[in-house]
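Colleague: A predicted structure for the sequence below; I have some questions about it.
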Amino acid sequence: MPSRAQTPAPAAPGTPKSAIIPEDLVQRMTPVSAGYSLATATMLMNDARVLGQLYAPNAVLRVPDSTVTGMPAVVRQLLSLARSKSLADFQRLSLGTRILDDSTLLDSGTYVMVLRRSPKDSVLERGRYAATWRARTDVTKWVILEDYLKPDQPTKTKGAR
């Protein structure tokens, strides 16, 4: 039987649950931004092990032509996308966040992928994204639960047929 000193005191009724997501915007967005940067680096280096650490075991990735579920499938899809498009850079710009509960955050915004066709030539793919993150008590261990990438539709230029 634990001693009285080892037993935590019960929370008073009506006491709000402690939030894992920091209230300060900078503290909240630092692990998210770092996660996006690490994801890009691991996609460029074809590092499935580290990329997999950024996604929850049951993560979902939605892209226009498919939806995959489970961290191994998400990692395979992202690495395949990086190779097939000759990815040179992938940057996300958050346009807003919403706290869904004490440990879940929705981040959405725009992205730009730099795709290399040749050493001197590159193409930009622009689009929108929405990513749902799960915060952990150790703020360096946030994981993506769901990632949605939607490229913008190409616009016709004036005079094009």
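Modeller: Nice, thanks for sending it over. Remember, it's a predicted structure, so these values are computed and weren't measured experimentally.
Colleague: skipping adjacent residues, who's closest to Thr67 in space?
Modeller: Of all residues not flanking Thr67 in the chain, Val60 sits nearest, at 6.6 Å (CB to CB, 6 or more residues apart in numbering). Using the backbone N, CA and C atoms, a C-beta is placed for each residue, glycine as well.
Colleague: my guess is that neighbour meets Glu146, correct?
Modeller: Yes. Shown here, Val60 and Glu146 form a contact pair, counting by CB atoms under 8 Å, at 4.6 Å.
Colleague: ok so, going back, who's in contact with the residue nearest to Thr67?
Modeller: Neighbour list for Val60: 67-69, 74, 145-147 [criterion: CB atoms under 8 Å, 6 or more residues apart in numbering].
Colleague: what about Ser37, neighbour count?
Modeller: By other CB atoms under 10 Å, 13 other residues sit near Ser37.
Colleague: what's the helix or strand for it?
Modeller: Using DSSP states H and E, Ser37 sits in helix 25-44.
Colleague: you'd agree Ala39 is up against Leu79?
Modeller: No. Checked against CB under 8 Å, the pair Ala39 and Leu79 is beyond contact range at 10.8 Å.
Colleague: which residues do those two both contact?
Modeller: Shared contacts of Ala39 and Leu79 (CB under 8 Å, 6+ apart): Leu51.
Colleague: now do the helix or strand hosting Tyr148: which elements does it pack against?
Modeller: Element membership for Tyr148 (DSSP H and E) is strand 143-151. In terms of contacts (3 or more CB pairs under 8 Å, 6 or more residues apart in numbering; DSSP states H and E), strand 143-151 is packed against strand 55-63, strand 121-134.
Colleague: so where's the protein uncertain?
Modeller: Within the chain, the stretches with pLDDT under 70 are 1-18, 119, 138-140, 155-161.
Colleague: buried set for stretch 75-93?
Modeller: Residues of stretch 75-93 classed as buried: 75-79, 81-82, 85, 87, 90, 92 (neighbour count, 16 or more other CB atoms under 10 Å).
Colleague: got it, and stretch 133-148?
Modeller: If you call a residue buried by 16+ other CB under 10 Å, then stretch 133-148 has these buried ones: 133-135, 142-148.
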